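Participant: Okay, here's the prediction I keep looking at, along with the sequence it came from:
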Amino acid sequence: MSVSAILGQNSISAADKRASAPRLNASGFSAHSRRGSIVSRQPHPLLSIVQAIPTESALDAGALGFMAKFLVQTTLPHSEQLGTQFVRSDGNLTLRITDVGGTGLPYGSYPRLILIWMTTEAVRTGNRELELGTSLSSFMAQLGLQATGGHWGTIPRFRVQMQRLVGAAISTRWSSEANGQNHSSGENLLVADRFHLWWTPQKLPNGSLAKSSVTLSMNFFEQIVAAPVPLDLRAVKALKKSPLALDLYAWATRRVSYLSRPTLILWESLRRSFGAGYANTPQGRSCFRAKAVEAFRRIVMVYPELKIEDHENGLLLRPSGPHIPKVLR
């Protein structure tokens, strides 16, 4: 499946997008609650990155990426997990990630960035065998990730998360009731059938010596190219240090793509989907809300079309333009 097959042949121009965008305040976040506005009056550290984003569309800027749809509704853990399974639920969807390779469960920002690369490459090439060489290196460079060695460098951590991801299996389950009957369905997806990972101490795989590659399982490949969620990689770059912000950005741009009326998303629903590591206690729920509000403050800086308000019980999401504009087919 190609990019043109998903987005159509013609893109909406940046000028048309800006003309149709709603007028928002300087932060892009319309937020009101009994605690007052959550919009900071102080310049945000991301401001310099946001201001550097070109005014052209992601497609024209070569910054169009994709994320698998089934990993947007609920997704990976944010921090390291004990054991061999991780389970999250959102409504009638349950996601279970199992460590079948014995290397541990993937967590944090890096496996999310790798999944974006995998989905983007699978859509671009239509091939489930992905070469890590120049494609992965250029992708990581595009996100501003510097390759550094040493115990605390980016390369060892990136290598560990890549190994954990390709050694994982993802199980999804849906349940519903209709006419007094319960229906369950699901998929069991091994991420990779096989992989060859070659690394040097100070470089990401560059393909100059041995070829590094990952062959996605057929089921996983079919799932990630089935109506993937388009993302702006410039936004991903700005949000890359926060796994929660990456999750909520992908979730928000998909959610508003089919939103027809203002909808209140309860904090508890968001915590169940994206609040791994936050206890189901008053303190844990309060902490998650604070972290989510901060994440959305960052998101609306790179996605100003997003119309969202902070309320006591949840977030009021209003119909908004998706971050990657829809096109005429």
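Facilitator: Alright, I've got the coordinates. Residues are numbered from 1 along each chain as shown.
Participant: tell me the mean pLDDT for stretch 96-104?
Facilitator: For stretch 96-104, the per-residue pLDDT values average out at 95.
Participant: for stretch 284-300, same thing?
Facilitator: Mean pLDDT, computed over stretch 284-300, is 92.
Participant: Ok, stretch 183-191 next?
Facilitator: Mean pLDDT, computed over stretch 183-191, is 90.
Participant: worst-scoring helix or strand of the chain, pLDDT-wise?
Facilitator: The weakest-scoring helix or strand in the chain, judged by mean pLDDT, DSSP states H and E, is helix 14-20 (a mean of 39).
Participant: can you pull the buried residues of the lengthiest helix in the chain?
Facilitator: Determined from DSSP state H, the single longest helix within the chain is helix 282-302. Buried residues in helix 282-302, counting neighbours by 16 or more other Cβ atoms under 10 Å, are found at 285, 287-289, 291-293, 295-302. C-beta coordinates here come from the backbone N, C-alpha and C atoms, glycine included.
Participant: How about stretch 164-180?
Facilitator: Buried residues in stretch 164-180, counted by 16+ other Cβ under 10 Å: 164-170, 172-173.
Participant: Please parse the protein into its domains.
Facilitator: Domains of the chain are assigned by automatic domain parsing as 1-62+240-329, 69-227.
Participant: Dump the ones you listed to CSV, plus distance to R234.
Facilitator: Shown next, in CSV, are the domains of the chain (distance: least, Cβ to Cβ, whole Å):
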stretch, distance to R234
domain 1-62+240-329, 5
domain 69-227, 9
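Participant: Could you tell me the least trusted of these?
Facilitator: For the domains of the chain, where the average pLDDT is lowest is domain 1-62+240-329, sitting at a mean of 72.
Participant: Hmm, R112 and L246 touching each other?
Facilitator: Yes. Using Cβ atoms under 8 Å, L246 is in contact with R112, at 5.0 Å.
Participant: before we move on, back to that, format the buried residues of stretch 164-180 as CSV; extra columns: secondary structure and distance to L143.
Facilitator: Shown next, in CSV, are those (DSSP: H, G, I helix; E, B strand; the rest coil; distance: Cβ to Cβ, whole Å):
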residue, secondary structure, distance to L143
R164, helix, 19
L165, helix, 16
V166, helix, 20
G167, coil, 23
A168, strand, 22
A169, strand, 27
I170, strand, 23
T172, strand, 27
R173, strand, 32
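Participant: and which of the residues you listed is nearest T253?
Facilitator: T253 has its nearest neighbour among the buried residues of stretch 164-180 in T172, at 20.6 Å by Cβ to Cβ.
Participant: so that closest one sits right up against S184, yeah?
Facilitator: No. Using Cβ under 8 Å, T172 is not in contact with S184, being 11.1 Å away.
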